[in-house]
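In: here are the coordinates; sequence isn't available:
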Ligand SMILES: Cc1cc2nc3c(=O)[nH]c(=O)nc-3n(C[C@H](O)[C@H](O)[C@H](O)COP(=O)(O)OP(=O)(O)OC[C@H]3O[C@@H](n4cnc5c(N)ncnc54)[C@H](O)[C@@H]3O)c2cc1C
Ligand SMILES: [Zn+2]
């Protein structure tokens, strides 16, 4: 069972206590944006086989949203962090690079 | 090809079964094909079959990283139905169901299609109204379905408790010519027929890269070397995002785990398929006597073909009210598959930004039923550049806002 530590209240919650919220760090396009931007924002997804950044809500706990970095093949959790950010913190990226050398995420171009 | 028949069985019985041939050749890749299909699941194999049968294109390879039929095609609960809401869905799913009726003859391979009838239970007023709407849509589409009342439900499926305290059965959407088929046999039957047409089925061969020249696909890199091709079909279900990344584009698809379980085998007690979408569970009895149970999906991206205990618990707990006898059964096995879910719960049968490269994906929790129809249409799309069955299912529909919304009719796994 997947266990994530909520960075808001500090509780290690298993997946029955959490609601998944989809891919994190999407660029949110609004009025005036083109069709392609909306397509990317609303539908196109990274769907990574490997390192994935995602939104979760501690639904049956403190109720807050947070973000998590996880491997979708091994289920290894690299860390959780507050939702109030547009990029994963350096500390989490370092942890991923250590576990998955050469790893990069297209939009960050992390370890180019 | 050695034909299978009652005479063949008698002949082989007389000579102690020493004369059976392999059903398909195990092939090593050639350096070039007219068409390469990635993914030897039902959809990939059916595509290859209809490329040969309907368009005479037989210089084809079907490549799989594992064994053929080892993906979702070998992991599903085999429900076949066509009672969808939208016209374009009805067209492709009904074509598919119709092809299933004669598939065993067409392939000379018994796929055990069993049109035993599928009922989708209405256990809330809202659901009943939804199914009434679907039944009207089906009448206009020429898909034979009807709304039946609780007494008829009980008559068709006596093991059901129709007046449960929480979710009483208010009626059902009944499709009498829907049913099940043997999932492996569908893959094996198509594979045998493809091999017989001279196509190569290459197993244990993973595609690791897609090559292109001037915006046009030119071949694939695999663990068994480079293979050149004129046209490429990606038919890899849950791994579509991985292949798309190799080709340089993104998809409106997320891959999640869907799981199923079976009970110990018991005597025949249920000769229809029942889907109970409100409680997220569905049930049928296999020919071996096992109760085959399917549940809901995980809500997060997942490539582990496992599933999770709490989903099993949820599914079984929900079904027990409607099927009290289930509470006495031991469950034998549980497994998971990685299903490819799109934004509108409808598949993608489409050209891609890379010329010559086509994609057939997004069948999600319900693509077993669609294998023959999808293969038929996708082969036409690959051979001719368009197909009446597929044209509405292009990738551009997400940009254009032309959804084929089946999330209402198919809110649950199926
Ligand atoms: C538990 C469960 C229950 C289901 N129940 C039903 C049901 O009752 N009715 C129904 O209609 N549908 C059902 N489905 C859905 C159905 O199984 C799928 O939609 C369908 O089988 C998809 O077939 P496919 O050929 O597209 O994919 P698959 O059968 O998954 O084939 C894809 C193939 O691609 C191969 N592949 C992947 N990546 C590569 C690569 N890089 N190189 C080479 N090969 C690769 C894989 O090894 C695999 O064999 C269910 C699914 C699951 C998991
Ligand atoms: Zn919390």
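Out: Perfect, I can see it now. Small disclaimer: the values here were computed from a predicted structure and weren't measured. Ligands and ions are numbered 1, 2, ... in the order given.
In: residue ranges of the helices in the chain, please?
Out: With no chain named, the answer covers chain A. A:35-42, A:90-99 (DSSP state H).
In: Oops, wrong one, chain B.
Out: So, for chain B - with DSSP H - the helices run B:6-14, B:42-55, B:87-107, B:125-141, B:150-156, B:183-196, B:240-247, B:309-322, B:371-384, B:397-400.
In: mind checking how far the residue of chain A found nearest ligand 1 is from residue B:254?
Out: Nearest residue of chain A to ligand 1, counting by CB to the nearest ligand atom: residue A:49, 9.4 Å away. Just so you know, the C-beta spots here come from the backbone N, C-alpha and C atoms, and that holds for glycine as well. Separation of residue A:49 from residue B:254 (CB to CB, to the nearest Å) stands at 12 Å.
In: Please identify which of the two sits among more neighbours.
Out: It is residue B:254, of residue A:49 and residue B:254, that has more neighbours when counted by other CB atoms under 10 Å in any protein chain shown, with 25 against 19.
In: who touches the more buried one in this structure?
Out: Residue B:254 is in contact with A:22, A:23, A:45, A:47, B:241, B:301, B:340, B:341, counting by CB atoms under 8 Å, 6 or more residues apart in numbering or on different chains.
In: got the contact list for the closest residue to the last one other than its chain neighbours?
Out: When you say that, I think you mean residue B:341. Once flanking residues are discounted, residue B:341 sits nearest to residue B:364: 4.6 Å by CB to CB, 6 or more residues apart in numbering or on different chains. The contact partners of residue B:364, by CB under 8 Å, 6+ apart, come to B:339, B:340, B:341, B:342, B:345, B:347.
In: Show me which residues of chain A sit near chain B.
Out: A:1-2, A:15-16, A:19-20, A:22-23, A:35-36, A:38-40, A:42-49, A:52, A:54, A:72-75 (CB under 8 Å from any CB of the partner chain).
In: if we go to 7 Å?
Out: A:1, A:16, A:20, A:35-36, A:39, A:43-45, A:47, A:49, A:52, A:54, A:72-73, A:75 (CB under 7 Å from any CB of the partner chain).
In: which residues does residue B:146 form a beta bridge with?
Out: residue B:174 (DSSP bridges).
In: Just give me the neighbour total for it.
Out: 13.
In: Same question for residue B:325.
Out: Neighbours around residue B:325, by other CB under 10 Å: 14.
In: Enumerate the positions of the helix or strand of chain B with the lowest mean pLDDT that are buried.
Out: Least confident element among the helices and strands of chain B, by mean pLDDT, DSSP states H and E: helix B:309-322 (a mean of 88). Neighbour-count burial for helix B:309-322, counted by 16 or more other CB atoms under 10 Å in any protein chain shown, picks out B:311, B:312, B:314, B:315, B:316, B:318, B:319, B:320, B:321, B:322.
In: ok, the second one to residue B:383 distance?
Out: This points to residue B:312. 43 Å.
In: Likewise for the fifth one?
Out: Taking CB to CB as the measure, residue B:316 and residue B:383 are separated by 46 Å.
In: Also the fourth one?
Out: Here the criterion is CB to CB. By it, residue B:315 lies 41 Å from residue B:383.
In: okay, the residue of chain A positioned farthest from its centre: pLDDT?
Out: In terms of distance from the mean C-alpha position of chain A, residue A:32 ranks first, at 27.0 Å (CA atoms, centre = their mean). Residue A:32 carries a pLDDT value of 94.
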